[in-house]
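Participant: below: sequence and its predicted model.
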Amino acid sequence: MDKGNNEIRPVGIGEAIRRLLGKAIMSATRDSLQQACGSVQACSGMSGACEAAARSLQEMWDAPDTEVILLVDARNAFNMMARARALRTARNRCPDLAVAFQNFYGSESSLCLGDGMSILSREGTTQGCPLGMAMFAISSLPLISRVAGRGARQVWYADDSAAAGSVVGVRAWFGRLQAEGGEFGY
């Protein structure tokens, strides 16, 4: 799909069997994903996670030591996610999903366009894939660990992140996010 500015949004999970397999895999491995992500990455399939993240931000804002909250939404993060790094992270942190991720994303795939043409998908997840959010959640865990630091508490829901704390602490958090994020496709 054309996003404008000569950019495209891959919508590539049209195959019913791939969607069915992805949903079955996620149903069987949801607990493993949630255990791997813990409370660090809220997009791991927990019921009410988005509301919990918002409540957490509200509590951070109400804390007497909070001077500022910074909200960040990475540009094109799902499409830019570094697949090889994500696959390595999955093998270490969530082996139950690692084989499925390898099978779905271990090599480039051809995404067929409506006009008969195709494009190669080499990085990121494919929009509409039932494993996409899980793969992004797992892939973000090392980045979340790297940017954590004193003076800023963070909340993540997929590619939406936030930090609350002192101005100095949040500024340092954002600096680490900018410096480290590119390596992860963030």
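Facilitator: Arrived safely, thanks for sending.
Participant: figure out the helix or strand that the residue most central in space within the chain lives in.
Facilitator: For the chain, the residue nearest the mean C-alpha position is residue 136 (3.2 Å; Cα atoms, centre = their mean). Using DSSP states H and E, residue 136 maps to helix 132-147.
Participant: give the buried residues for that helix.
Facilitator: 132-144, 147 (16 or more other Cβ atoms under 10 Å). C-betas here are computed from N, CA, C, even on glycine.
Participant: same for it, what does it pack against?
Facilitator: helix 16-37, helix 77-80, helix 83-93, helix 95-105, strand 152-157, helix 167-184 (3 or more Cβ pairs under 8 Å, 6 or more residues apart in numbering; DSSP states H and E).
Participant: now do stretch 163-180: everything it contacts.
Facilitator: In this structure, residues lying in contact with stretch 163-180 by Cβ atoms under 8 Å, 6 or more residues apart in numbering are 57, 60-61, 63, 65-70, 72, 143, 146-155, 161, 186.
Participant: what about dumping the CA coordinates of that stretch to CSV?
Facilitator: Extracted in CSV, the C-alpha atoms of stretch 163-180 (Å, rounded to 0.1, in the frame of the first residue of the first chain):
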residue,chain,number,x,y,z
ALA,A,163,10.1,7.6,30.1
ALA,A,164,9.2,9.6,33.2
GLY,A,165,11.5,11.1,35.8
SER,A,166,13.9,14.0,36.1
VAL,A,167,14.6,16.2,33.1
VAL,A,168,18.2,15.0,33.2
GLY,A,169,17.3,11.4,33.6
VAL,A,170,14.7,11.4,30.8
ARG,A,171,17.1,13.3,28.5
ALA,A,172,19.8,10.7,29.1
TRP,A,173,17.3,7.9,28.4
PHE,A,174,16.3,9.5,25.1
GLY,A,175,19.9,10.0,24.2
ARG,A,176,20.6,6.3,24.8
LEU,A,177,17.5,5.4,22.8
GLN,A,178,18.7,7.4,19.9
ALA,A,179,22.2,6.0,20.1
GLU,A,180,21.2,2.4,20.5
